[in-house]
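Below are the sequence and a predicted model; questions follow.
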Amino acid sequence: MGRVGVLLLNLGGPDKLEDVGPFLYNLFSDPEIIRLPFRWMQKPLAWFIATRREKTSQENYKQIGGGSPLRRITEEQGEALKAQLDAMGKAANIYMGMRYWHPYTEEAIAQLAQDNIEKLVILPLYPQFSISTSGSSFRLLEKLWQENPKLQPLEYTVIPSWYKQPGYLQAMAELIIEQLNQFPNPDQAHIFFSAHGVPKSYVIEAGDPYQQEIEECTQLIMQTLNRPNAHTLAYQSRVGPVEWLQPYTEDALKELGEKGVKDLVVVPISFVSEHIETLQEIDIEYREIAEEAGIENFRRAAAPNTHPVFIKALADLVIESLEKPDLKLSQVTQMKKKVKMYPQERWEWGMTTSAEVWNGRIAMLGFIALIIEIITGRGLLHAIGLLQ
Ligand SMILES: C=CC1=C(C)c2cc3[nH]c(cc4nc(cc5[nH]c(cc1n2)c(C)c5CCC(=O)O)C(CCC(=O)O)=C4C)c(C)c3C=C
Ligand SMILES: [Fe+2]
Ligand SMILES: [Fe+2]
């Protein structure tokens, strides 16, 4: 008789500085991260953006010790979850599947296909669902399931998002209280929720429930906290030129400083482990911005990591999911198939959405052609003498 398996999904992060370039290439090769009209553009553009970003990103990783702690912390969470499930009478094998770095999701699946697993629970380590995070991992799993006949008989269930789980909300409230209690007037401190952003089009055009889940989660944490503090929600880590969810964290911090807020607790709401966006972006970059804006006491709530209340919440989630009817990958990835990233496929004349979409596509084609020409030294611009 086999046992229960729990597959923890996460993004992954470079272990050392040399990994940063290939990690970024993997990330930008994912169509759920950069959405392009043509598949063949994905890899050249991923290479181009990763190469341009590598140095800056390496500088950031240098500031947190030369690599991401995500793998170590996820392993610790897995061990703590295993011990908690054991204590609750549910023995389980824990697997860790990262999307863009080792140990890759493919490695975890290969391992669990060999083990005698009776039932698998797929648990993303993202409390809120986004097309760009849990959605991307679910799509990859769906593909692996279709490709590997050995996986067909394996029974599984998916937990799409779990931001309402009472234990998780309790752990978040405790982590915030820990910081509030450091202030002489805990009730006066401003609580600042900083969520990882996504491009606005994900929500508006592709129907990503991420913003709604983040907003609801913020309210639920405030209710669980049950304190009179004022609070703000903003979005961090914008990448690229398009508009992301607003307000941006840097703008909201400046605004609070101008309004005279002196005591602030930042709460990283979309992350359950410390990593570059908490240790570098919040603790170093946003702290500097806040202090320049006049905020005197800048504190940050720790990510849940292996907080016992949080680990118990994960164990409860696993046990509850085994008791409920199974949720299949096709059910959790289906939502996206109902919406279109490019709203109008028919050609229309004038300043229409369709025209904008086609202008974007043509501009992108021109851009790719230019990059290929610069790399290879051959092409139309060389032929007519505009490039040497
Ligand atoms: C809920 C969490 C996350 C969302 C949503 C998300 C969307 C998203 N991210 C990028 C681009 C980058 N993300 C990077 C690192 C990174 N992102 C998350 C989480 C979410 N991303 C984590 C946990 C990590 C870090 C891992 C680590 O190394 O510790 C990076 C690399 C770092 C950097 O260069 O800044 C990029 C780039 C996009 C474009 C996006 C939505 C479309
Ligand atoms: Fe990210
Ligand atoms: Fe970042």
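Sure thing, it's come through. Ligands and ions are numbered 1, 2, ... in the order given.

where does the closest residue to residue 92 other than its chain neighbours land in three-state SS?
Leaving aside its chain neighbours, residue 92 sits nearest to residue 4 (4.2 Å; criterion: Cβ to Cβ, 6 or more residues apart in numbering). Quick note: C-beta positions are derived from backbone N, CA and C, even for glycine. Following DSSP: H, G, I helix; E, B strand; the rest coil, we place residue 4 in the strand state.

Would you confirm that residue 102 contacts residue 15?
Yes - with contact defined as Cβ atoms under 8 Å, residue 102 counts as touching residue 15 (7.3 Å).

which of those two has more neighbours?
Between residue 102 and residue 15, residue 15 has the larger neighbour count (other Cβ atoms under 10 Å), namely 19 against 14.

follow-up on the earlier one: how about the residue nearest to residue 92, what does it touch?
By Cβ atoms under 8 Å, 6 or more residues apart in numbering, residue 4 lies in contact with 85, 90-93, 117-121, 318, 322.

Overlap of the contact sets of residue 102 and residue 15?
residue 71.

Let me see the contact set for residue 113.
Residue 113 makes contacts with 148, 150-151, 154, as judged by Cβ under 8 Å, 6+ apart.

Swap in 6 Å and give it another go.
Residues counted as contacts of residue 113 (Cβ atoms under 6 Å, 6 or more residues apart in numbering) are 150-151.

helix or strand for it, which one?
helix 105-114 (DSSP states H and E).

what does the helix or strand following that helix contact?
Per DSSP H and E, helix 105-114 leads on to strand 117-124 as the next helix or strand towards the C-terminus. Strand 117-124 is contacted by residues 2, 4-9, 134, 155-159, 318, 321 when judged by Cβ under 6 Å, 6+ apart.

Which of those sits closest to ligand 3?
Nearest to ligand 3, judged by Cβ to the ion, of those is residue 134 at 19.0 Å.

Local confidence estimate at the spatially closest residue to the closest one that is not a sequence neighbour?
Of all residues not flanking residue 134 in the chain, residue 124 sits nearest, at 4.0 Å (Cβ to Cβ, 6+ apart). We have a pLDDT of 98 for residue 124.

go on, the one 4 residues further on?
The per-residue pLDDT reported for residue 128 equals 98.

and it, how far is that from residue 221?
Distance, residue 128 to residue 221, using Cβ to Cβ, to the nearest Å: 12 Å.
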